[in-house]
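Engineer: my questions are about this predicted structure, shown below with the sequence.
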Amino acid sequence: MTKKTRPADPKALALGRQGSLHPHPERVTDPLFGGSEFFDARDLVQVKYEMLRRVRVDGHPITESAAAGGLSRPSFYQAKAGFDQEGLGGLVRKKPGPRRAHKLSSEVVGFLASLLADDPSLAPATLARRVLDRFGRSVHPRSIERALARQKKKRSG
């Protein structure tokens, strides 16, 4: 006997792709989200917006409003800052992590290239120690390998 699987909910799939799927919709206790077709506790942007609206318009306490959305106080302040800066788009989660190679700037990669020009046998771990000594930046040896490979590819491409 084969197990039948339910077809995936298209809205939940779309929210997940957009980074807007609430990780804990079961924690949302705001009465607006109880049984309404319009208010969807899975929609994190909608939950954050309603949390902000409860505080700004209805005058509810931050802690109470955050808890009603299944969120924390820090989440409220992050949502508020995002909304104040970007409007609704500021309520959508951003991809975590650095946006660029912040430790391996062009200056650092140039330094590494000059070290390798003088001594091509230097290991990535040794190069990482030299970067730490010179720039005060702790860089993983594999990150150095990737940065040097990108630089080499740029020159040959």
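Structural biologist: Structure's in. What do you need?
Engineer: contacts for the helix or strand hosting Gln85 next, please.
Structural biologist: Element membership for Gln85 (DSSP states H and E) is helix 73-86. By CB atoms under 8 Å, 6 or more residues apart in numbering, the list of residues contacting helix 73-86 from outside reads 48-49, 51-52, 55, 62-63, 65-66, 69, 71, 90-91. Placement of C-beta: from N, CA and C, glycine included.
Engineer: chain center to it, what's the gap?
Structural biologist: 14 Å (CA atoms, centre = their mean, to the nearest Å).
Engineer: can you give me the buried ones in that helix?
Structural biologist: Under the neighbour-count criterion of 16 or more other CB atoms under 10 Å, helix 73-86 has 75-76, 78-80, 82-83 buried.
Engineer: what is the mean pLDDT for it?
Structural biologist: Mean pLDDT, computed over helix 73-86, is 95.
Engineer: before we move on, what about stretch 23-39?
Structural biologist: Computed over stretch 23-39, the mean pLDDT rounds to 91.
Engineer: number of residues surrounding Ala12?
Structural biologist: When neighbours are counted by other CB atoms under 10 Å, Ala12 registers 15.
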